[in-house]
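*Asks:* Need a 3D model of the following:
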Amino acid sequence: MRKDLSNNFKTGWIYFVIPLLLIASIFFMSSQNNKVDVKYSEIVNMFRTNQVSEFELDLSSGKLNYKLFSEESKKEHIYSVPSVSYFLDDVSKYVNEYNTAHPDKQINYNYIKGSRGSVFVSMIPTIILGAVLVGLSFLIIRRMGNTMTSENNRALSFGKVKKNTEEESDKKFEDVAGCEEEKAELEELVDFLKEPEKYTKLGARIPKGVLLVGPPGTGKTLLAKAVAGEAGAPFLSISGSDFVEMYVGVGASRVRDLFEQAKKKAPAIVFIDEIDAVGRHRGTGMGGGNDEREQTLNQLLVEMDGFGTNSGVIVMAATNRPDVLDPALLRPGRFDRQITVNRPDMKGREEILKVHARNKPLGPDVDFKEIARITMGFTGADLENLMNEAAILAVKRKKKAITSNEIIDAISRVELGIEKKNHKYTDRAKKLTAFHEAGHAVSSFYVEGHKPVKEISIVPRGLGAGGYTWYSQEEENYESKNEMLGDLISIFGGRVAEALSLNDISTGASSDLKHATAMCRDMVAKYGMSDAVGPVVYDDSSDEVFLGRDYGRVNNYSDKTSARIDEEVERLLREAYAKCEEILKAHFDKLELVANALLEKEKLSGEEFANLMNYGTLEAPETEIEDTTEYEEPVSEAIENPYVQEETENNSDE
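*Replies:* Numbers count the residues shown, from 1 in each chain. Okay, the predicted model is just below:
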C-alpha cells in the first residue's frame, strides 16, 4: 500500500504544479501588460502641454512610467515607446522649457540603464508557457508508452499461469486431524522429498501423481499443504479452472509454464485443486476436438508423461468427482495413487475439534467426546464452522468462554438453521405442526431399533418447515432393510397424525412424501431389497448425467419392469402408512400428550420426550431418577417392527 501511495505521489505532483505555473504566468503577464492604451502622439502631446509631472524611462526596453499633474492619487502609467532616441528628441525640449519656467515645481525624471536581466524578465511568461507545453507533451507521450508497454506485457503474460506459490508452507501433519491413515500414506512422499537418494539406490520410483478423493470439506487441500510443510518443499497451488480460458491454447500454455517453474524449484509439489474442471472425459464436449478444455487436458497428460524418473516434482490433485475424470489421467505413470479422504469417524472428529479449539477459551463442561458423538457425518470444515459459530454465540451472550450450551446450539444452527422465533402463525397452524411433529416422534418410539429422538420443536428454522423432529445418529456405514422400513413408518407419522387429530391433511407432509418415495425407489431399483422385483439393480443414477457421455442414455430395463418397480414402490409406501396408522391409533393418548407438551413449551429435548413416553411427565419420578438420554423402550408397550416378522415368515416358507 505504501508503494502505491508513493507512485501516486510521484505522478500526482505534476497535476498540482502545472496549474500553479499557469496561474503564475497569467498573473505575471497581466501585470506586465498593464499598459496605457494611447498613441505615441498623445504621449508627446502630454509632454508638450505640461501634463506630465514625473516619469522614468528604461533605456533598454523602452518602458516608460509616468504620472500626471491632474491626478491627485499620483497613479502610475506604463507605456512602451517605439524608439528611445526618437522619444528623447521629441520630449526633451518640452521638459527643459518647463523646468526653466518653473524652478519651484519641476518635472522629475530618471533614466534607467538597460540590462540583459530586464530582457530576460520580459521573456519569463513565454518561457513558462513553453515549459508547460513541453512538460504536458512529454507526460502524454510517456503515459502512452507505459500503456503500450503494459498491454504488451499483459499480452506476453496471458499464457503464463496464475499461480499462488508458497515457498514454505506453514502447515504440518499435526495441524491435520481425523485422517491418520491418509497421513501415514502421504509420509512416503515427505520422505522421498527429503531423502530421494534412499529410494533411487534401490531403483524405486516415487508416484508421480497423487489424487486426493473425498467429499467437500474433508481436508484434501490441507493435507497437500501439510506434505509440503513437512518436506520443506515449495508448494505451487492452482485451481483447475485457472487453466481454462475462452481462447484455445491459453490453458495449454499455462500448463507448460506451471511445470517449467516446478522443475526449476524441484523438489517441489504442484497442487491442482478441483482438477475435474479441466480433467473431464475427452470427446464429451459439444465443440469438437478443438475444445479449449480438451487441449489443456492433453497438455497436462503430456507434461506428466514428460517428467524424469526422479525429477523431484510431485503432482497432487483434489476432486470430489473422480467418476468424471478421463481414464488416461488416472493410469499408472500419471496419477499412480488415489487416496480417499473420507468423513472422519468419532475419534477423528474429537481430534479435529481439539485442533480448532486451540485458540478458543473453553468452559469446564465442554466434552469433546460427547460433541463428537452427536456430530456424526460432520466434515473437518463443518467442525471448524461449528466451533466458530459457538464462539460467536458466546460473544453475543457476553460470556468469557465457550460452554457446552453454545456448542449444542451451534450444532442446531449448522444442521437445521436459525430459529425464527418472531414468526407468527395461527393457533390452528400451530396445533397442526405440534401433532405433525409428535406423530413423527411417537411412531418412531414404537418401531423397534429406530434411532432415538434427540429434539422436537415447532419453532420454524431455516428449513422451510414449521418444525422438526431431530434424531440421534449412530456411527454406521450401512443401513439395513429393516432400519429403512422402520424409517418409512416414522416418516409417515406426520401425515397420519394430522389425519387422526384434525380429520384433515395438509401440504406440510410434502417433503416427507418425497423423501419416502425416493427411499422406496432406491430400495427396489438400486439396492435390490424387493422380493417382487428381485436382487437386480435397475437404477444406477448415483452419477449425474454427464453431457456428451450420458446424453443419450436410456433405461436398461423394459416398460414392463418399470411398471413392476412402480407397483412395488407403491406397495411399500402403502404398507408403511398402514403400520404407522396402526401404531398411532393404538397410542393416540401418547400422541396427544406429546403434542400438548409441544404447544406449551414449543421445544422438547430427547430426555423430556422419553419421560413423557415412559412416565407421562416431563421429568422422571424422584424414586427412579436415572439417565434416560439413551432409553430402552418398554417391552410391554413397544410394537415390534412388523417387517421383521414378515421377513422371518417368508424365510421359513422358503
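*Asks:* Following the chain past the host helix or strand of residue 352, name the next helix or strand.
*Replies:* When elements are assigned from DSSP states H and E, residue 352 belongs to helix 346-356. Of the helices and strands lying after helix 346-356 in sequence (DSSP H and E), the nearest is helix 368-373.
*Asks:* hmm, who's touching that following helix?
*Replies:* Contact partners of helix 368-373, identified using C-beta atoms under 8 Å, 6 or more residues apart in numbering, comprise 346, 347, 349, 350, 353, 354, 357, 407, 411. Using the backbone N, CA and C atoms, a C-beta is placed for each residue, glycine as well.
*Asks:* Could I get the buried residue list for that helix?
*Replies:* Neighbour counts over helix 368-373 (16 or more other C-beta atoms under 10 Å) mark 368, 371, 372, 373 as buried.
*Asks:* contacting residues around the residue lying farthest from the centre of the chain?
*Replies:* Relative to the centre of the chain, and counting by C-alpha atoms, centre = their mean, the farthest-placed residue is residue 101 at 100.4 Å. The contact partners of residue 101, by C-beta under 8 Å, 6+ apart, come to none.
*Asks:* Please report how far it lies from residue 90.
*Replies:* Going from residue 101 to residue 90 by C-beta to C-beta, to the nearest Å gives 19 Å.
*Asks:* Next: residue 599.
*Replies:* For residue 599, the distance to residue 90 - C-beta to C-beta - is 120 Å.
*Asks:* thinking again about what came up before, and which of the buried residues of helix 368-373 is nearest residue 188?
*Replies:* residue 372 (29.1 Å; C-beta to C-beta).
*Asks:* Assign the closest residue to residue 471 other than its chain neighbours to helix, strand or coil.
*Replies:* Leaving aside its chain neighbours, residue 471 sits nearest to residue 451 (4.1 Å; criterion: C-beta to C-beta, 6 or more residues apart in numbering). Three-state call for residue 451 (DSSP: H, G, I helix; E, B strand; the rest coil): coil.
*Asks:* pretty sure residue 451 contacts residue 469?
*Replies:* No. When contacts are counted by C-beta atoms under 8 Å, residue 451 is not listed as touching residue 469 (10.6 Å).
*Asks:* The two: which is more packed in?
*Replies:* residue 469 (23 against 16; other C-beta atoms under 10 Å).
*Asks:* can you give me the helices in the stretch 201-350 of the chain?
*Replies:* Using DSSP state H, counting those that start in this stretch, the helices found in the stretch 201-350 of the chain span residues 220-231, 250-264, 292-305, 327-330, 346-356.
*Asks:* For the stretch 501-650 of the chain, which residues score under the pLDDT cut-off?
*Replies:* 540-555, 623-650 (pLDDT under 70).
*Asks:* So which residues of it form helices?
*Replies:* Using DSSP H, counting those that start in this stretch, helices in the stretch 501-650 of the chain cover 510-521, 559-586, 588-601, 606-615, 642-653.
*Asks:* Find the one among those helices with the highest mean neighbour count.
*Replies:* Highest mean neighbour count among the helices of the stretch 501-650 of the chain (mean count of other C-beta atoms under 10 Å): helix 606-615, with a mean of 20.
*Asks:* So which other helices or strands are in contact with that helix?
*Replies:* Packing partners of helix 606-615 (3 or more C-beta pairs under 8 Å, 6 or more residues apart in numbering; DSSP states H and E): helix 427-445, strand 453-457, helix 588-601.
*Asks:* Quick one: closest of those to residue 517.
*Replies:* That would be helix 427-445 among those, by C-beta to C-beta, at 16.9 Å.
*Asks:* before we move on, the earlier item: would you tell me which of the helices and strands packed on helix 606-615 gets closest to residue 380?
*Replies:* Using C-beta to C-beta, the nearest of the helices and strands packed on helix 606-615 to residue 380 is strand 453-457, at 22.7 Å.
*Asks:* neighbouring contacts of the closest one?
*Replies:* Contacts to strand 453-457, defined as C-beta under 8 Å, 6+ apart, come from residues 374, 412, 419, 437-438, 440-441, 444-445, 467-472, 594, 598, 602-606, 609-610.
*Asks:* and the helix or strand following it, which residues are buried?
*Replies:* Using DSSP H and E, the helix or strand that follows strand 453-457 in sequence is strand 468-471. By 16+ other C-beta under 10 Å, the buried positions in strand 468-471 come out as 468, 469, 470, 471.
*Asks:* quick one: which of the residues you listed is nearest to residue 516?
*Replies:* Minimum distance to residue 516 across those is 14.4 Å, recorded for residue 469 (C-beta to C-beta).
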